[in-house]
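1. coords please:
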Amino acid sequence: MCPKNSRQVSTVVGLSVALGLPFVLSGLGLLLGRGREDGLTPSRAGLLLVQEWAVTLVLLAIVLVWERQSLASIGIKKMSWQDVWWGVIGFIVGALSFILTVPVVKALGLGTTSGGIAQLAHMPMALRIGVVLTAGITEEILSRGYPIERLYGLTHRLGLSASVAYVAFVLLHLPFWGLGGTIQIGVWSIVVTILYVNRRNLLACMLMHILNDAYAFILLPTFFAPYLPQ
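-> Model prediction:
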């Protein structure tokens, strides 16, 4: 364990990396004309994957080297069968949330996540698999496990810590998915956040996230491509 003052500094730096750096990189992408309307190319998608892994590895280095904490301190611990079960249940509930929010989003005159899914449908299969695994692993570390646990350590208020992490995670999706898609992702994010708060096991959330993205980015484009917007 590092001394108290050093631990507080490392936590602030870690939270800046987890919650702040992705917004900085996203903002740079917008400045360079990399919004959703500009289209998602394989090269850009590959760059985004590299960026996400780079930020995640920096954060893990902070945890292991600077903070001298274990991965369990950010929720990465062995799963029980109950964790697996709840991860699958979370996936089912989350998938239903997308279906149920479509009419609401359309009634507001907004686009749904189908537009983003259609863009990903044109990516090579290997790249789509990379997107699924990268998002399911890195986003859970950056947007749930680390910030919730470290904010809880500072505030001793789990609900507040989860809420701050939730808001940051949802807003980060706005540039690519648009307002409508982000609203849908926001509803889905309530489910995965509740899963983490109740299980405190990040691997269960990763399972839910990977199953969700595999369904959206691999299964739907493969079997329902004709029904997706072009």
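2. so how many other residues sit close to E52?
-> By other C-beta atoms under 10 Å, the residues close to E52 number 20. In this view, the C-beta of every residue, glycine as well, is placed from N, C-alpha and C.
3. Cross-check the contact I'm expecting between it and T134.
-> Yes. Counting by C-beta atoms under 8 Å, T134 is a contact partner of E52 at 5.4 Å.
4. Which parts of this structure are helices?
-> Using DSSP state H, the helices of the chain run over 4-15, 21-31, 42-61, 81-107, 114-121, 125-134, 140, 146-155, 158-172, 174-199, 202-214, 220-224.
5. want to try TSV for the ones you listed, with distance to A72 as columns?
-> Output for the helices of the chain, formatted as TSV (distance: least, C-beta to C-beta, whole Å):
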stretch	distance to A72
helix 4-15	16
helix 21-31	23
helix 42-61	13
helix 81-107	13
helix 114-121	33
helix 125-134	22
helix 140	14
helix 146-155	10
helix 158-172	17
helix 174-199	13
helix 202-214	9
helix 220-224	35
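6. Which one of these lies nearest to R68?
-> With C-beta to C-beta as the criterion, R68 lies closest to helix 4-15 of the helices of the chain, at 8.7 Å.
7. That closest one vs helix 158-172, what angle?
-> Angle of helix 4-15 versus helix 158-172, following axes from the mean of the first three to the mean of the last three C-alpha atoms, to 10 degrees, is 30 degrees.
8. other SSEs contacting helix 4-15?
-> Helix 4-15 sits against helix 146-155, with contacts defined as 3 or more C-beta pairs under 8 Å, 6 or more residues apart in numbering; DSSP states H and E.
9. Pull the contacting residues for the residue most central in space within the chain.
-> Nearest residue to the geometric centre of the chain (C-alpha atoms, centre = their mean): E139, 3.5 Å. Residues in contact with E139, defined by C-beta atoms under 8 Å, 6 or more residues apart in numbering, are E52, F169, H209.
10. Count residues in the vicinity of the last one, would you?
-> Each residue near H209 was counted by other C-beta under 10 Å, and the total is 29.
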